[in-house]
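# quick check, what structure comes out for this input:
(one chain, ligands or ions: 1)
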Amino acid sequence: MLQVDAIDTFYGETQALFGVSLSVGAGEVLALLGANGAGKTTLLRSVLGLTRPRRGDIRFRDRAITRRPTHEIARAGIGWVPDDRRLCPTLTVARNLSLGIKATGFRPWTMDEVTEIFSPLKYLMAREAETLSGGEMQMVAIARALLGAPGLVLFDEPSQGLAPKIVDDVMAVIGRLRAEGIASIVVEQNAEVALAVADRVVVLSRGQVAWSGTAAALAADQPLRQRLVGGL
Ligand code: ATP
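The predicted model follows:
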């Protein structure tokens, strides 16, 4: 579904990613772990064309997207759930959701489906986004990504600042995406949460891939986990 091949990404003259490669198959959940500043968000921004890699290639469904504009990358079927949610604060929930709707070639999710997944949304439609709680905003951000008919969803720290019950709901949605053949990349500070939902894991350290393998292998190897993501 997605292949990232040896990308170098810079902010000005500061290099944030050094030859990073990874891949995600259809319906696969990849956890992207690493300490603060390791380059996780930069990897997502590189895939989305928000911070363009200077070298290397990114392919989605076997088509190069490395130098495509962000709106085309979104229309190819890559959804984004940003860590700061990026809702339009003064627009209603309904309007924020409808802004996410697009045709990509992947199966579109209906408004009924997303309100069935996140039932509180039904009662929030007329509310302005800026009046929502953090958990409610996260539901809107994920629902908006699904309405955009994604084949791959990039989640940036989806559990951050959320109550445990809502974290469980979010992880259940990621599991449901997998069942529907939709791939996910989940950037997480909370390694335990990520390992519970992921198939495979890539650990970044100082802009490089420090380890990659199955979630089961990392979960079973406590010393390895301690060494790689001990502080997380
Ligand atoms: P966090 O968990 O703190 O978000 P991260 O793993 O997502 O960390 P990135 O945000 O990708 O890390 O940051 C990678 C490196 O790039 C860091 O050294 C950071 O200081 C730098 N960086 C990130 N954004 C910018 C920017 N807009 N301008 C300059 N440097 C940046």
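# what parts of this structure come near the ligand?
11, 14, 16, 34, 36-42 (CB under 6 Å from any ligand atom). Glycine gets a C-beta too; all of them are placed from N, C-alpha and C.
# can you list the weak-confidence ranges in the chain?
Residue ranges of the chain with pLDDT under 70: 231-232.
# in it, spot the helix with the most residues.
helix 164-179 (DSSP state H).
# would you map the strands across this protein?
All strands of the chain, identified by DSSP state E, fall at 2-11, 14-24, 29-33, 53-60, 63-64, 78-81, 152-156, 183-187, 200-205, 208-214.
# so which of these is nearest G175?
strand 29-33 (7.9 Å; CB to CB).
# quick check, V202 in contact with V209.
Yes: counting by CB atoms under 8 Å, V202 touches V209, with 5.9 Å between them.
# anything in contact with each of these two?
Taking CB atoms under 8 Å, 6 or more residues apart in numbering as the criterion, V202 and V209 both touch L22.
# between those two, which has more neighbouring residues?
Legend: neighbour count by other CB atoms under 10 Å for V202 and V209, higher for V202 (24 against 20).
# of the residues of the chain next to the ligand, just say which sits nearest to L99.
Closest approach between the residues of the chain next to the ligand and L99, by CB to CB: T41, at 22.6 Å.
# quick one: residues contacting the residue lying closest to that closest one once chain neighbours are set aside.
Spatial nearest neighbour of T41, excluding adjacent residues (CB to CB, 6 or more residues apart in numbering): D156 at 6.0 Å. Going by CB under 8 Å, 6+ apart, D156 touches 40-41, 44, 80-83, 187.
# rerun at 6 Å
By CB atoms under 6 Å, 6 or more residues apart in numbering, D156 lies in contact with 44, 82-83, 187.
# out of the residues you listed, flag the one nearest to Y123.
So of the contacts of D156, ranked by how close each gets to Y123 (CB to CB), first place is P82, at 24.3 Å.
# can I get the CA coordinates of stretch 76-87 in CSV?
Taking C-alpha atoms only, stretch 76-87 is exported to CSV below (Å, rounded to 0.1, in the frame of the first residue of the first chain):
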residue,chain,number,x,y,z
ALA,A,76,-5.2,9.4,-3.6
GLY,A,77,-6.7,8.0,-0.3
ILE,A,78,-4.3,9.0,2.5
GLY,A,79,-6.2,10.3,5.5
TRP,A,80,-4.7,12.2,8.4
VAL,A,81,-5.6,12.5,12.1
PRO,A,82,-3.3,15.3,13.3
ASP,A,83,-2.2,15.5,16.9
ASP,A,84,-3.7,19.0,17.2
ARG,A,85,-6.9,17.8,15.3
ARG,A,86,-7.0,20.9,13.1
LEU,A,87,-10.8,21.3,13.1
